[in-house]
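>>> Could you look at this predicted model? Sequence included:
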Amino acid sequence: METAEPNKKPKLSRKRRWLKITLISLGSLVLLLLIGIVSVSIYIQNNKKEVLAKVTAKLNEDLDGKLVIKDMKPEFFSNFPRVSLRLEDVSLRDNKFDQHKYELLRASQIDITVNILALLRQTIEIKKISISDASVILYVAPDGYSNTAVFKKSDKKSSGSSTAMECNKFQLENVKFTVRNDKANKLHDFEINQIDGRMEPEGDGWKCETDIDIMARSLSFNTKRGSFIKNQKITGTFDISADGNGKLVFAEQPLNIGKENFTLAAEFNFGETSSLFAIHIKNKSIRWRDTSALLADNIREKLDMFDLEKPISVRCDLEGDFDSMGDPLIYVEAKIRNNTLTTPGGNVDKCNFDGTFANNYDKKKEFSDPNSVILLRNLTGEYGTVPFRMAIASIVNLDDPIARGKFSSAFDMSRLNGLVDKDLLEFKKGKANIEVDFTADVVNYQLTKPKIIGKVAIEKADIAYPQRNLQVNDVSVNLDFDDKDLFIRNIKVKTAKSEVLMDGKVLNFLNLYYSAPEKIVLNWNVYSKQLHLGEFLGYVGNRQKAATKNNKKTGNFTSELTELFEKSQVRMAMKIDKLYYKKFLATNTTAIVAFSDETVTIRNTGLNHAGGRIRFSGDLRRGSAGNSAYSFQAFVESVDVRKFFNAFENFGMETLKSDNISGKLSLQANLGGRITPDNRLQKNSMDGKASFTLKNGSLVNFEPIQTVGKIAFRRRDVKNITFADLNGAFEVKGEKVTVAPMKINSNVLNMDLAGVYSFGKGTNLKIDVPLRNPKRDEDITDKEELERRRHRGIVLHLLASDDAETGKIKIGLTGKNSQEETN
């Protein structure tokens, strides 16, 4: 052990010696490097103009223009151990700058890091370029000339050069980069906050990893259409590769655009005659409005009329040519699942669809708005509470949009109550099934001039129409849409007492519904075994106005339907086996009835009533105060006068009632009047003229005659007066009836009447009653002889007038003759 100690010291000495040698060597190298740096510094300081001229001359060799560098300063320690040359106030212009005024480059500062040893050999080998506070403008004039022509000279020279032009690193800071193409109406404008990149050779090309922080002010492929990603910040990392033939590939990488996280991939091919590009962007969860904010104005304004409550999955492809005149191909895909879609017409809940947008609807035409299409596939949802499905829907041509689609739905009718105010229509039960194809123009985001082909079927529905006090039950109907026209078939309507079968059509319905509802004419064929008119008179009377409720969430069709009901016209060809109205009963009724907003017109009406036939035409005009005005022309043929008076409630007369009269009545009348809000004839409102014939008539217990009988014919039976023929004419004006001179020849007495009979006050009816008993002349057949004998003997001159005390009619003697009064 003691013999080994002396051997350790030589080993330690050798280690220390090698360490010393190493340190001295490294120090010598560092010193040599410092001497080199100082030498370079001294060289540049002493030869600044020469070096600056050499750098400028070298760079200008490959340019067809002019590069100007005002100053150059060495920076030795910022990129140690390499040397940086700081170029200040650098500008690059092509030879036509004086014409277009767009500098390709204007930089306050460019730092170029070079190889020290190469500088000592009087050659330049660039390792890094940093550009700050600069602007770069790539300009294309309307005639196609570009200021990038400044680089064309280098294409004509050989590639042999002693200068190594590789640039391993680059950096841009506060640089405005603009591509302005006035020929193709394109403008790409970016504010580069920071770009850091590192390049490496790869085969004949290179690859690069770049970190970016950019503000996109404009990415416009057509300045007339607006810009994509306008005023959006872009941050992320690009992995870029180039093949040496003008092809650049951006590998798929995450990228932040604005507030959203995207995945982006792109490819660029720069050739001599084209500059092709393809950009692919994806986002699995983004808001609808955030998506539209990234698109061009012409697309955004169309998409912004819609919105979706939840984020969606979307991808966008842009493919085109930077050098072309037209728009690029734009293709957008979106997937919507269990979302709420907001539209100008209301919300669609539980919404699902796969949507696409493309501006190449016709592959043979250019990419443009007129050649654009929005496609929605497998669209399902609930509008209000009504479920629906559209296998496919589309909007073609964004300049003059046309909507097309297939619409189907099956639902309970009660679900419509969420879309139509109950004050207008109320659906209580029933089923609906809809299967239609539609095409329509879109104007101000509303469907116009639609064309619909398909069917709507309604079964066993109960519907209330409060504005007309109308309730119908068990309604079944088939609506067949044939392009512009609507055919309504197999309608079955039941009310409490009536049952109606109907079919009809509306020509040009769909155009007029949107543009001129007042021109809509619904032509109906109506048949009923029995119809109680009182149940439908609410439709004839004044409409109660419904308060329209604006429900933006679910949409509301009340205003449109109200306008349709108020302005459209209806024409009915009717056949009714039994028609009831209060006490009135008619059989075998036929009529043509037309309804408009304010008028009901009845033409060619014929019906059997009270054993006779009635022909009738008339008009009913709704009034503002609740009353309705009517006018009619009637021809009554041989009806039972007692039943006729009873059916029409004695025409408002208090004295002459149905129990007082019998016989067969024929009548011609041209009358008018008013109907009360509860659909009764308004007393004292009638106006017009009428004439009548009563055959085989009788007056039974007629009080005015009985009053006369008590005075003059106490021995005659005036309670039952019969007469063969009774002819008369009268004019009605309000409560007064002016009776033309009329002769009454009966079994009990003869009578001449003329004057005014009033339903209220003002009766002034003159009556001449010969006292001669008509039975004494029963055997005389000569009419002239009968007329002469009629006035033989005593003639009573009576006056029927108002009793001031009782208000009733009183009859008294007068000295005047009624015939003389009327002559």
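Received it, and whenever you're ready, just let me know what you need.
>>> Can you get me a residue count around Asp577?
13 (other Cβ atoms under 10 Å). The way it works is simple: take the backbone N, C-alpha and C, and place the C-beta from them, glycine included.
>>> Just the pLDDT at the closest residue to Ala293 other than its chain neighbours, thanks.
Spatial nearest neighbour of Ala293, excluding adjacent residues (Cβ to Cβ, 6 or more residues apart in numbering): Arg300 at 6.8 Å. Looking at Arg300, its pLDDT reads 82.
>>> which element is Arg300 on?
helix 297-303 (DSSP states H and E).
>>> distance of Asp321 from Thr273?
9 Å (Cβ to Cβ, to the nearest Å).
>>> Could you do Val700 as well?
113 Å.
>>> Repeat that for Thr380.
Distance, Thr380 to Thr273, using Cβ to Cβ: 48 Å.
>>> Please apply the same query to Phe306.
In terms of Cβ to Cβ, Phe306 sits 41 Å off from Thr273.
>>> One more: Met390?
Met390 is 45 Å from Thr273, by Cβ to Cβ.
>>> Compare the two and say which is more crowded by neighbours.
Each of Met390 and Thr273 has its neighbours counted (other Cβ under 10 Å); Met390 has more, 19 against 6.
>>> Do I have it right that the more buried one meets Ser409?
No. The criterion here is Cβ atoms under 8 Å, and Met390 misses it with Ser409 at 9.4 Å.
>>> what bridges to Val279?
Quick fix: residue 279 is Ile, not Val. Ile279 has these beta-bridge partners by DSSP bridges: Ala266, Leu318.
>>> So it is in contact with Thr263, correct?
No. Between Ile279 and Thr263 there is no contact under Cβ under 8 Å: 11.7 Å.
>>> Neighbour count: these two, which is higher?
The neighbour comparison of Ile279 against Thr263 (other Cβ under 10 Å) goes to Ile279, with 18 against 15.
>>> Report the contact partners of the more buried one.
By Cβ atoms under 8 Å, 6 or more residues apart in numbering, the contact set of Ile279 is Leu264, Ala265, Ala266, Asp317, Leu318, Glu319.
>>> change it to 10 Å
Counting by Cβ atoms under 10 Å, 6 or more residues apart in numbering, Ile279 touches 219, 228, 250, 264-268, 316-320, 328.
>>> So which of these is surrounded by the most neighbours?
The most crowded member of the contacts of Ile279, judged by other Cβ under 10 Å, is Phe228 (25 neighbours).
>>> how far away is that residue from Ile281?
Plainly put, Phe228 is 10 Å away from Ile281 if you go by Cβ to Cβ.
>>> Please apply the same query to Lys186.
In terms of Cβ to Cβ, Lys186 sits 19 Å off from Ile281.
>>> mind listing the helices for the stretch 551-700 of the chain?
Ranges of helices in the stretch 551-700 of the chain, per DSSP state H, counting those that start in this stretch, are 558-567, 641-647.
>>> Least confident of those helices, on average?
Mean pLDDT is lowest for helix 558-567 among the helices of the stretch 551-700 of the chain, at a mean of 60.
>>> name the element Lys363 belongs to?
Using DSSP H and E, Lys363 falls within no helix or strand.
>>> Is it correct that it is in contact with Asn371?
Yes. Using Cβ atoms under 10 Å, Lys363 is in contact with Asn371, at 9.3 Å.
>>> More neighbours: which of these two?
The neighbour count for Lys363 versus Asn371, taken as other Cβ under 10 Å, is higher for Asn371 (20 against 6).
>>> So the more buried one sits against Asp362, correct?
Yes. Under the criterion of Cβ under 10 Å, Asn371 makes contact with Asp362 at 5.6 Å.
>>> tell me, what's touching those two both at once?
Counting by Cβ under 10 Å, 6+ apart, the shared contacts of Asn371 and Asp362 are Val396.
>>> could you pull out the helices for the stretch 201-350 of the chain?
Counting by DSSP H, counting those that start in this stretch, the helices of the stretch 201-350 of the chain are 288-292, 297-303.
>>> what's the burial count for the nearest residue to Ser691 once chain neighbours are set aside?
Take Ser691 and drop its neighbours on the chain: the residue closest to it by Cβ to Cβ, 6+ apart is Ala729, 4.1 Å away. Neighbours of Ala729 under the rule other Cβ under 10 Å: 14.
>>> Also the one 10 residues further on?
Number of residues near Val739 (other Cβ under 10 Å) recorded here: 16.
>>> what's the helix or strand for the closest residue in space to it that isn't next to it in sequence?
With Cβ to Cβ, 6+ apart as the criterion, Val739 has its nearest non-adjacent residue at 4.9 Å, and that residue is Phe730. Per DSSP H and E: Phe730 is located in strand 720-733.
>>> looking just at contacts, which helices and strands does the helix or strand just after that strand meet?
Later in the chain than strand 720-733, the nearest helix or strand by DSSP H and E is strand 736-745. With contacts taken as 3 or more Cβ pairs under 10 Å, 6 or more residues apart in numbering; DSSP states H and E, strand 736-745 sits against strand 687-700, strand 720-733, strand 750-758, strand 764-770, helix 783-790, helix 818-822.
>>> can you redo the ones you listed as JSON lines with distance to Leu375?
Output for the helices and strands packed on strand 736-745, formatted as JSON lines (distance: least, Cβ to Cβ, whole Å):
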{"stretch": "strand 687-700", "distance to Leu375": "66"}
{"stretch": "strand 720-733", "distance to Leu375": "70"}
{"stretch": "strand 750-758", "distance to Leu375": "77"}
{"stretch": "strand 764-770", "distance to Leu375": "84"}
{"stretch": "helix 783-790", "distance to Leu375": "92"}
{"stretch": "helix 818-822", "distance to Leu375": "87"}
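>>> so which of the ones you listed comes closest to Ser285?
strand 687-700 (76.6 Å; Cβ to Cβ).
>>> average model confidence for the closest one?
Mean predicted confidence for strand 687-700 is 91.
>>> Kindly report the same for stretch 323-331.
For stretch 323-331, mean pLDDT is 83.
>>> The residue nearest to Leu295 when sequence neighbours are not counted bridge partners, please.
Leaving aside its chain neighbours, Leu295 sits nearest to Phe228 (6.0 Å; criterion: Cβ to Cβ, 6+ apart). Applying DSSP bridges to Phe228 gives these bridge partners: Leu219.
>>> wouldn't Phe228 be in contact with Phe221 here?
Yes. Contact criterion Cβ under 10 Å: Phe228 and Phe221 qualify, at 7.6 Å.
>>> Who are the contact partners of Phe713?
Taking Cβ under 10 Å, 6+ apart, one finds Ile705, Gln706, Val748, Leu749, Val769, Leu771, Asn773, Leu796 in contact with Phe713.
>>> do you know how far the third one is from Asp779?
In other words, Val748. Going from Val748 to Asp779 by Cβ to Cβ gives 17 Å.
>>> So the two - more neighbours on which side?
Taking other Cβ under 10 Å, Val748 and Asp779 do not tie; Val748 has more neighbours (20 against 6).
>>> Can you classify Gly793 by secondary structure?
Following DSSP: H, G, I helix; E, B strand; the rest coil, Gly793 is assigned to coil.
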